[in-house]
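Colleague: let me see the structure of the following:
(4 chains)
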Protein chains: 2
Amino acid sequence: MDEGDRRVRRTRRALRDALIGLTLEKGYAHITVQEILDRADVVRSTFYAHHRDKDSLLFSCFDDVFAELARTLEAAVPGAPLGDPARLAEILYQHAGTNRRVYRALCGRQGGPHVFRHLQRRLGDLLREHLRPYLAAADCELPADLVADYYANAALGLLSWWVDHDFPHDPAWLAQSCRTLVVPGVLTALGQASPAS
Amino acid sequence: MDEGDRRVRRTRRALRDALIGLTLEKGYAHITVQEILDRADVVRSTFYAHHRDKDSLLFSCFDDVFAELARTLEAAVPGAPLGDPARLAEILYQHAGTNRRVYRALCGRQGGPHVFRHLQRRLGDLLREHLRPYLAAADCELPADLVADYYANAALGLLSWWVDHDFPHDPAWLAQSCRTLVVPGVLTALGQASPAS
DNA sequence: ATCATACTCGAACAGGATGTTCGAAAACAG
DNA sequence: CTGTTTTCGAACATCCTGTTCGAGTATGAT
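Modeller: Got it, this is the predicted structure:
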């Protein structure tokens, strides 16, 4: 379990690739541990030395991607005050655009509901956190959680559409759609009429 | 398999209740067929005479609820032209408000991702169908599917929030939130500035 | 270059869940 | 009342899971 060991990195990567590949091919729900083992060329006992079960592996893969997204997001939107609420979504879409394979597994039809729902939860938390100061500034009549949930679900809905339609146009276009569709609602809730930027 | 037979109705109902109850208690994913059998007091072979597997039972239960919703929706919004896009959501929320137990299983955290994602798909289809004429009227720059997906995801996101927070306020309040949050985006996409009603 | 470490391999194992089968008994509709 | 349909009960093969353990081998540190 030492991350600095090359053997560990190799097996972890092999398992990760096998899981994503199989997920894309036949859907997460229908994957068996044995199939992951076969494709990754890893023996049973080794698998269980790293992960408790299939879900554990999934979450592990998931966390990698998610941590990277969080880092990118933190880098692009350094502090609390952000002028454009859709900027968060835009970074998400860019990240998805450069990691299509993984996102296909996470958000696509093939990926299975399990993964998508998990992404929805975690992404909701992340967006909620980033939107908090934005929502706290203006005191709005709607619960902040509700607005945050709305934003997360709507933004993720667009992403889901994008993935399922095989990434048409580009991230900027999708972000613009986000500005058109989901941002007005947030601004309305905050009592503002027109976008800030 | 004759629906007119009382025995069939009894077992179907018993299985349905058992599934929903267990889903609420421990989550759909962790339910075993044996547990359903025990609670429903139905023998193994009888179960498989009705459903291919656990998912089959789930979808069966799901279809019941969904058919009823579709009927209600068709009754309340008879034809194509509808003045208020949020009306669809309002009917959905009312339906959820009067079937809380089932919706808790479908949308709640406990229900598991499998169910929610399925609901998301089906509800998306249904809303898409009902929104089609509305979107076709105005030719908007965004793909109609994208707008429909946005609406479905956003409206369902609000529902999910409502369920997870144990149904605060009432359906009308949630529908009003829908008007505040998600409708402006649709109107913006259509090139309109203010609500029709 | 050597060495102790700890990771992987391979094989085996018990346990549990799944889906199927079939004859006997019971409940149903007409 | 009678023929039909459904349920019961029990058994069964099969698959998948998660665990164990000793022997071999790659690895990082010295």
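Colleague: quick one: the helix or strand encompassing A:Arg121 to helix B:113-137, angle?
Modeller: Element membership for A:Arg121 (DSSP states H and E) is helix A:113-137. Angle, helix A:113-137 to helix B:113-137, by axes from the mean of the first three to the mean of the last three CA atoms, to 10 degrees: 70 degrees.
Colleague: convert the C-alpha atoms of the next helix or strand after helix A:113-137 to PDB, please.
Modeller: Counting by DSSP H and E, the next helix or strand C-terminal to helix A:113-137 is helix A:144-164. What follows is helix A:144-164, C-alpha atoms only, in PDB (Å, rounded to 0.1, in the frame of the first residue of the first chain):
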ATOM      1  CA  ALA A 144     -29.000  28.700  -0.200                       C
ATOM      2  CA  ASP A 145     -28.900  24.900  -0.300                       C
ATOM      3  CA  LEU A 146     -31.700  24.800  -2.800                       C
ATOM      4  CA  VAL A 147     -30.100  27.300  -5.100                       C
ATOM      5  CA  ALA A 148     -26.800  25.500  -4.900                       C
ATOM      6  CA  ASP A 149     -28.500  22.200  -5.600                       C
ATOM      7  CA  TYR A 150     -30.300  23.700  -8.500                       C
ATOM      8  CA  TYR A 151     -27.100  25.000  -9.900                       C
ATOM      9  CA  ALA A 152     -25.200  21.800  -9.500                       C
ATOM     10  CA  ASN A 153     -28.000  19.700 -11.000                       C
ATOM     11  CA  ALA A 154     -28.500  22.000 -13.900                       C
ATOM     12  CA  ALA A 155     -24.800  22.400 -14.700                       C
ATOM     13  CA  LEU A 156     -24.400  18.700 -14.400                       C
ATOM     14  CA  GLY A 157     -27.400  18.100 -16.600                       C
ATOM     15  CA  LEU A 158     -25.800  20.100 -19.400                       C
ATOM     16  CA  LEU A 159     -22.600  18.100 -18.900                       C
ATOM     17  CA  SER A 160     -24.600  14.800 -19.100                       C
ATOM     18  CA  TRP A 161     -26.200  16.000 -22.300                       C
ATOM     19  CA  TRP A 162     -22.800  16.900 -23.700                       C
ATOM     20  CA  VAL A 163     -21.300  13.600 -22.900                       C
ATOM     21  CA  ASP A 164     -24.200  11.600 -24.200                       C
END
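Colleague: count of neighbours near the closest residue to A:Lys26 other than its chain neighbours?
Modeller: Leaving out its chain neighbours, the residue that sits closest to A:Lys26 by CB to CB, 6 or more residues apart in numbering or on different chains is A:Gln110, at 7.8 Å. Where C-beta positions appear, they are placed from N, C-alpha and C, glycine not excepted. Number of residues near A:Gln110 (other CB atoms under 10 Å in any protein chain shown) recorded here: 16.
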